[in-house]
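J.: make a model of this:
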Amino acid sequence: MSEAEPQPVDDASRALDSNIQRLQDFLDREERMREYARWLMRQIEEARRPVEKDW
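T.: Purely as a prediction, here's the structure:
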């Protein structure tokens, strides 16, 4: 085998690394969405609280 030919182990390793990176990106996005959902829920709860009127 010459060095110019792709080696199956390297291709498999790169594909695995790529899949791991895509999964990590997905998990990161999901965590950001969960944080955003928690923030939205806090905003909704605050909006539901009665406003104190001092007049």
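
J.: distance of residue 10 relative to residue 19?
T.: Separation of residue 10 from residue 19 (Cβ to Cβ, to the nearest Å) stands at 15 Å. Heads up, the C-betas are built off the backbone N, CA and C, glycines and all.

J.: helix, strand or coil for residue 54?
T.: coil (DSSP: H, G, I helix; E, B strand; the rest coil).

J.: got the phi/psi numbers for it?
T.: Backbone torsions of residue 54, given as degrees, to the nearest 10, read phi -110, psi 30.

J.: contacting residues for it?
T.: Listed by Cβ atoms under 8 Å, 6 or more residues apart in numbering, residue 54 has no contact partners.

J.: can you give me the pLDDT of it?
T.: Predicted confidence (pLDDT) for residue 54: 81.

J.: again, but for residue 50
T.: Confidence score, pLDDT, at residue 50: 87.

J.: which secondary structure element contains it?
T.: Counting by DSSP states H and E, no helix or strand carries residue 50.
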